[in-house]
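Visitor: Need a 3D model of the following:
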Amino acid sequence: MKIQYKATFTMTLFGVVILTLLSLGYEKYSHRVVIDKEMEKIEHISEEVALHVESHLEEKTAIAATLSSAPLIKKALLKSNAEFDALSDAERKIEIDSRNQQWMETADINDPFIRAHMTNPVAEYLKHQQIILPGEYGEIFLTNRYGVMIAATGKLTTLAHAHKYWWLAGYDEGQGRIFLDDRGFDTSAQGYVLGVVVPIRDKHEIIGILKSNVNIMGPLTDVVQKFDLRSPGRMKIVRTGGLIVSERGVTPLTARVNEALVGVLREKESGSAIIAEKNEKQFVAYSPIPITMGSEQFGFGGKQESLDHIKGNKGEAWSVVVSRSENEVSETAHETTLVIVFVGITFTLLTAAVALILGKWAARPIVELATTAQSIGEGHLNARAEVRANDEIGFLAKSLNSMVENLQVTMTSRDELKYEIKEREKVEEKLRLLSTTDELTGAYNRRAFNEYLGANIDRAMRYNEHLSMFLLDIDNFKKINDTYGHDVGDLVLKALVRVVRESVRQQDIVARWGGEEFTILLPQTGKDAALQLAERLRKKIAVNDFPKVGRITVSIGLAELQVDDTSDAWVKRADLALYQAKDSGRNIVKYCEILLSSRTS
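Guide: This next block holds a predicted model:
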């Protein structure tokens, strides 16, 4: 048998044996491996979705907290509190009980007493929030620090609320924290509701409580359904007591998870388990949603039932539960086995083909192989061995010729290699610039700025140097985009960066903070020098002619680094100064030395 056929037969037989052994062995242990990988995968998914749901809940609380910062709310609370402060404890209790009784006994919403609470400026402000965010809110209402409701979007059951669990949780013995009231189904919103309870402060003292009943079923349903559509298995959001809050095709709070799962959910920790359900094993991963477990910043819970909500929370947290059946996982393992078999067969056939070709090369005789090898050794790289026989010597001759050709290529390609290395270095430098600069304006991007920010803060703290920063925002930039188009808006941004760079020092860091907002970091620069620079820059921009639009103005917020500053606190002060500049009519420079607890106007 010729050598090429021997090689082909040997490689084919070897491939068949290896493929058979591999397939048999994989069938025995792949099931466990696939299960472990699947458990790890769904654990990761449950943790990721838990954080995603938490971000939705934090967004809802942030919106509610923003509502509470309106000046007319604070003004109304101070006025109401002053009225009740003037009474003795006994008189105050009698007055609250009397008003509450009158409220509960009056059914006519057109009664002057009722309308005084539902049509005052604060109530109209709250109703406006319901209008601009349709379907978002149920009832929204405001109580003073004695729990007396002073404004509401609708007729509530009671006027006095200081005794209620959510009010006490939000007040938190005068310390105050945001409380998420897991109310269940709320008749005022006709949906699954979280009551967002926000304490309102004045000079670090709680002066009232704002409660917004927020319909959250839409975002929860979106999270669950998007997972079910793109991934195998099932996802649900579950209370630690077992009631299902959200699952595709299931009405909220009408079904429960397996009791074996309830036991591990009560531990409020991430993990996984294998649970028997309906004569089939279910592989389950679970992860608590952190915000629902309570913290110094947020409280979470509820009461089982009240007059206006059904199946409320009994002090439970929420967890994201992801499950897959054993049949689904086994099918995945079987599919993997089929892929291995297919790849193995393909590899075996390719190996056999290669062996046949190599065998043919090896079957050619080599004439003058030694002479050719000696000539090559003397440096004659153009020499070649002549192949005359279809055997092993022919294969050696072919290999020798191939070696000489590769050697020639290697010798002649050194310059090309050097050139390629230089070109690659240029590409790497371009990639570095792309990762640290804003593509449109050429200024540093936010990522690069944060790196410079940390380094400059460390230097300023170490050597006791001044360090200032200001945020710059183009006034009415949206109007420019709307009037002239985004292409013109981009030209304005580029021109603005050029003007800024001409006005600052080489060591100053100019970065695009986002949209039409830029930030400039000023090393070794104190408050007074920074204010002078900011004012000069503002005036220079105001008289500069920008492409297509002519003159524009900017607002600038300035802050100097303080001894006890963190980077976040410092940036927030600069942002607050910018907000004050905008609020003061724009085209102005504002300095902020102390960060307030919230923005006020």
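Visitor: Which helix or strand contains the closest residue to residue 383 other than its chain neighbours?
Guide: Nearest residue to residue 383, sequence neighbours excluded (Cβ to Cβ, 6 or more residues apart in numbering): residue 375, at 4.2 Å. To be clear about C-beta, it is placed using only N, CA and C from the backbone, and glycine gets the same treatment. Per DSSP states H and E, residue 375 falls inside helix 369-377.
Visitor: List the buried residues of that helix.
Guide: Applying a neighbour-count criterion of 16 or more other Cβ atoms under 10 Å, one finds 369, 372-373, 375-376 buried in helix 369-377.
Visitor: packing partners for it?
Guide: Counting contacts by 3 or more Cβ pairs under 8 Å, 6 or more residues apart in numbering; DSSP states H and E, helix 369-377 packs against helix 392-412.
Visitor: Which residue, neighbours along the chain excluded, lies closest to residue 254?
Guide: residue 244 (7.7 Å).
Visitor: what are the phi and psi values for residue 157?
Guide: Main-chain torsions, residue 157, degrees, to the nearest 10: phi -70, psi -40.
Visitor: contact partners of stretch 44-52?
Guide: With contact meaning Cβ atoms under 8 Å, 6 or more residues apart in numbering, stretch 44-52 is reached by 223, 227, 231, 235, 270, 285-290, 319-322.
Visitor: hang on, the earlier thing: quick one, phi psi at the residue nearest to residue 254?
Guide: phi -90, psi 120.
Visitor: wait, what's in contact with it?
Guide: 236-238, 250, 252-257.
Visitor: about what we covered before: of the contacts of stretch 44-52, which belong to helices?
Guide: Among the contacts of stretch 44-52, the members falling in helices (DSSP state H) are 223, 227.
Visitor: if we take the contacts of stretch 44-52, which one ends up nearest to residue 88?
Guide: Taking Cβ to Cβ as the measure, residue 88 sits nearest to residue 290 out of the contacts of stretch 44-52, at 44.4 Å.
Visitor: what about the closest one, how many neighbours?
Guide: Burial of residue 290 is recorded as 19 neighbouring residues (other Cβ atoms under 10 Å).
Visitor: Residue 325 too?
Guide: 17.
Visitor: so it bridges to which residues?
Guide: Counting by DSSP bridges, residue 325 is bridged to residue 282.
Visitor: what about residue 463, distance to residue 37?
Guide: 52 Å (Cβ to Cβ, to the nearest Å).
Visitor: In which helix or strand does residue 571 reside?
Guide: helix 567-583.
Visitor: Which elements pack onto that helix?
Guide: helix 446-463, strand 467-474, strand 554-560, strand 589-591.
Visitor: Can you name every helix or strand that whichever helix or strand comes after the second one contacts?
Guide: Next along the chain after strand 467-474, taking DSSP H and E as the criterion, comes helix 477-484. Using 3+ Cβ pairs under 8 Å, 6+ apart as the contact criterion, the secondary-structure elements in contact with helix 477-484 are helix 486-503.
Visitor: could you point out which element follows the helix ranked longest in the chain?
Guide: Secondary structure of the chain per DSSP H: the longest helix is helix 3-68. For helix 3-68, the succeeding helix or strand toward the C-terminus, using DSSP H and E, is helix 71-85.
Visitor: List the buried residues of that following helix.
Guide: Quick answer for helix 71-85 (16+ other Cβ under 10 Å): 73-74, 76-77, 80-81.
Visitor: As JSON lines, those with pLDDT and distance to residue 576 would be great.
Guide: Shown next, in JSON lines, are the buried residues of helix 71-85 (pLDDT from 0 to 100; distance: Cβ to Cβ, whole Å):
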{"residue": "73", "pLDDT": "94", "distance to residue 576": "20"}
{"residue": "74", "pLDDT": "94", "distance to residue 576": "18"}
{"residue": "76", "pLDDT": "93", "distance to residue 576": "25"}
{"residue": "77", "pLDDT": "94", "distance to residue 576": "23"}
{"residue": "80", "pLDDT": "94", "distance to residue 576": "29"}
{"residue": "81", "pLDDT": "94", "distance to residue 576": "27"}
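Visitor: pull the helix or strand with minimum mean pLDDT from this protein.
Guide: Scoring the helices and strands of the chain by mean pLDDT, DSSP states H and E places strand 309-310 at the bottom, with a mean of 45.
Visitor: coming back round to it: ok, the contacts of residue 244 vs residue 558, which is closest?
Guide: When the contacts of residue 244 are compared against residue 558 (criterion: Cβ to Cβ), the nearest one is residue 237, at 45.1 Å.
Visitor: number of nearby residues for the closest one?
Guide: 22.
Visitor: again with residue 249
Guide: 9.
Visitor: Give the rounded mean pLDDT of the longest helix of the chain.
Guide: Per-residue pLDDT values over helix 3-68 give a mean of 79.
Visitor: Which one, of the helices and strands packed on helix 567-583, ends up nearest to residue 542?
Guide: Of all these, strand 554-560 comes closest under Cβ to Cβ, at 7.8 Å.
Visitor: hmm, back to that, please identify which of the contacts of stretch 44-52 is nearest to residue 395.
Guide: Nearest member of the contacts of stretch 44-52 to residue 395, counting by Cβ to Cβ, is residue 231, at 52.8 Å.
Visitor: ok, for the closest one, nearest residue in space, not its chain neighbours?
Guide: In space, residue 231 is closest to residue 45, 7.3 Å off (Cβ to Cβ, 6+ apart).
Visitor: Roughly how far does that neighbour sit from residue 270?
Guide: Counting by Cβ to Cβ, the gap from residue 45 to residue 270 is 11 Å.
Visitor: Residue 194 too?
Guide: For residue 194, the distance to residue 270 - Cβ to Cβ - is 22 Å.
Visitor: does residue 149 count as helix, strand or coil?
Guide: strand (DSSP: H, G, I helix; E, B strand; the rest coil).
Visitor: what about it, how many neighbours?
Guide: So residue 149, with other Cβ under 10 Å, has 21 neighbours.
Visitor: surely it meets residue 120?
Guide: No. Between residue 149 and residue 120 there is no contact, the gap being 11.3 Å when judged by Cβ atoms under 8 Å.
Visitor: Please parse the chain into its domains.
Guide: 1-330, 363-412, 435-591 (automatic domain parsing).
Visitor: wait, which of those domains is closest to residue 340?
Guide: Between these, domain 1-330 lies closest to residue 340; by Cβ to Cβ that is 6.0 Å.
Visitor: what sits in contact with each of residue 45 and residue 270?
Guide: residue 285.
Visitor: Would you mind measuring from residue 583 to residue 527?
Guide: 21 Å.
Visitor: I meant to write residue 145 there.
Guide: 38 Å.
Visitor: and what of residue 537?
Guide: 16 Å.
Visitor: Which one's more surrounded, the two?
Guide: In this view residue 537 and residue 527 are compared by other Cβ under 10 Å, and residue 537 has more residues nearby, 21 against 14.
Visitor: which sections of the stretch 401-550 of the chain are below the confidence cut-off?
Guide: Within the stretch 401-550 of the chain, the segments meeting pLDDT under 70 span 407-421, 423, 426-434.
Visitor: give me that answer again for 80
Guide: In the predicted model, the stretch 401-550 of the chain carries pLDDT under 80 at residues 401-435.
Visitor: Residue 343: neighbour count?
Guide: Neighbour tally, residue 343, other Cβ under 10 Å: 12.
Visitor: is it fair to say it lies in a helix?
Guide: Yes. According to three-state DSSP, residue 343 belongs to a helix.
Visitor: for the nearest residue to residue 547 once chain neighbours are set aside, what are its contacts?
Guide: Using Cβ to Cβ, 6+ apart and skipping the chain neighbours, the partner closest in space to residue 547 is residue 491 (4.3 Å). With contact set as Cβ under 8 Å, 6+ apart, residue 491 has these partners: 546-548.
Visitor: Fine, thanks again, bye for now.
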